[in-house]
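Asks: Need a 3D model of the sequence below.
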Amino acid sequence: MQITGMLWGRKLLDLVEFPHSEVRGPELSVDDIKDMIKRHGQVFIKPLFKGGVGKKGKSGLLGRVDNITDALSEKERLYFCEHVDGFSKV
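Replies: This is a model prediction of the structure:
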């Protein structure tokens, strides 16, 4: 069995009481994000892809924010793309 990523791997690490970073999934609400920023000062935002897609930091798919407005705009930037062709945006 191979588990990739901390979203699922942290559950196994909890079973053996191994220390790990706080990882939250896409179900996180705005209030939870605000609380997390308040506790830690700044947070990293990284999209979740099915499977073991690596090198997110080198491809620009990693954002570090310190307030809720930047967190929501960074989440939108990481999950949605914008294609510009001339004057039309898709």
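Asks: residue ranges with poor pLDDT in this protein?
Replies: For the chain, the stretches with pLDDT under 70 are 1-5, 49-60.
Asks: Tell me which residue is most central in it.
Replies: The centre of the chain sits closest to Lys46, judged by CA atoms, centre = their mean, with a distance of 2.7 Å.
Asks: who's in contact with it?
Replies: By CB atoms under 8 Å, 6 or more residues apart in numbering, the contact set of Lys46 is Lys56, Leu61, Leu62, Gly63, Leu78. C-beta: built from backbone N, CA, C; applies to glycine.
Asks: Show me which of those is closest to Asp31.
Replies: Closest to Asp31 out of the contacts of Lys46 is Gly63 (19.6 Å), distances taken as CB to CB.
Asks: what about the helices in the chain?
Replies: For the chain, applying DSSP state H gives helices covering 6-15, 30-40, 68-79.
Asks: Mind giving me the packing neighbours of the second one?
Replies: Contact analysis of helix 30-40 by 3 or more CB pairs under 8 Å, 6 or more residues apart in numbering; DSSP states H and E lists strand 43-45, helix 68-79 as its packing neighbours.
Asks: circling back to that earlier point, which one of the helices of the chain has the most crowded surroundings?
Replies: Of all these, helix 68-79 has the most neighbours on average by mean count of other CB atoms under 10 Å, namely a mean of 15.
Asks: Could you check how far the closest residue to Gly41 other than its chain neighbours is from Ile33?
Replies: Computed as CB to CB, 6 or more residues apart in numbering, the closest residue to Gly41 that is not its neighbour in sequence is Asp66, at 6.5 Å. As defined by CB to CB, to the nearest Å, Asp66 lies at a distance of 12 Å from Ile33.
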